[in-house]
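Participant: coordinates for the following, if possible.
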Amino acid sequence: MKIKKLAFPIVIGILSVVFVVSLLVCVAAFWSELSYARGYVTEPDSFYYSLQDSDYSRVLDGMYRNKAAGVEETAEYREIYAVALYFEAASYYKAYGEAGDIASAEREKAVMEAQIPLMGELSYAVEDIHRQLGIVSFEDT
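Facilitator: Numbering: from 1, shown residues only. The predicted model follows:
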């Protein structure tokens, strides 16, 4: 009888220790993942490699990651982001045009036109984006 009374508090103690250790491991893993997500930014060199490869969707993804991470928007980033926003708007422009939604396509066309002067030296990307997306001219809509 004495052994059963003594075993119960020991089992509770062991389970409590296992629970606390498990909780600490979960908190540490969550904190590590959160720190990584906040710390991941796309540097200008990575953007330029993506631009060189005409991988505009990666440029767009990097722009949104940087904005989420709170990266300061320098003049260099502004030109890159203008290309990313142009690509995004051009994609929507093409999709809305094909769907027959002229009003939405015109709204995206205005976004595209607003981004061109912001691209600076990267404005060469406009023709490449049109070629990739199959946009012959703005008069497609």
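
Participant: need the three-state assignment for Ser104.
Facilitator: Classification of Ser104 using DSSP: H, G, I helix; E, B strand; the rest coil returns helix.

Participant: list the contacts for it?
Facilitator: Counting by C-beta atoms under 8 Å, 6 or more residues apart in numbering, Ser104 touches 92, 96. Where you see a C-beta, it was placed from the backbone N, CA and C, and this is true even at glycine.

Participant: past the helix or strand bottoming out on mean pLDDT in the chain, which element shows up next along the chain?
Facilitator: Among the helices and strands of the chain, helix 2-39 carries the lowest confidence by mean pLDDT, DSSP states H and E, at a mean of 73. Once helix 2-39 ends, the next helix or strand along the chain (criterion: DSSP states H and E) is helix 44-52.

Participant: which helices and strands does the helix or strand following that following helix pack with?
Facilitator: Using DSSP H and E, the helix or strand that follows helix 44-52 in sequence is helix 56-69. Counting contacts by 3 or more C-beta pairs under 8 Å, 6 or more residues apart in numbering; DSSP states H and E, helix 56-69 is packed against helix 44-52, helix 75-99, helix 125-133.

Participant: so which of those helices is nearest Ile14?
Facilitator: helix 44-52 (49.5 Å; C-beta to C-beta).

Participant: quick check: buried residues in that closest one?
Facilitator: 47, 50-51 (16 or more other C-beta atoms under 10 Å).

Participant: just stretch 98-105 next, same as before
Facilitator: Buried residues in stretch 98-105, counted by 16+ other C-beta under 10 Å: 104-105.

Participant: any regions of this protein where pLDDT drops low?
Facilitator: Low-confidence segments of the chain (pLDDT under 70): 1-6, 8, 32-39, 137-141.

Participant: you'd agree Phe87 is up against Val59?
Facilitator: Yes: shown here, Phe87 and Val59 form a contact pair, counting by C-beta atoms under 8 Å, at 6.9 Å.

Participant: who has more neighbours, those two?
Facilitator: Set side by side, Phe87 and Val59 show more neighbours around Val59, with 27 against 23, by other C-beta atoms under 10 Å.

Participant: that one contacts Val83, doesn't it?
Facilitator: Yes: Val59 is within contact range of Val83, at 6.1 Å (criterion: C-beta under 8 Å).
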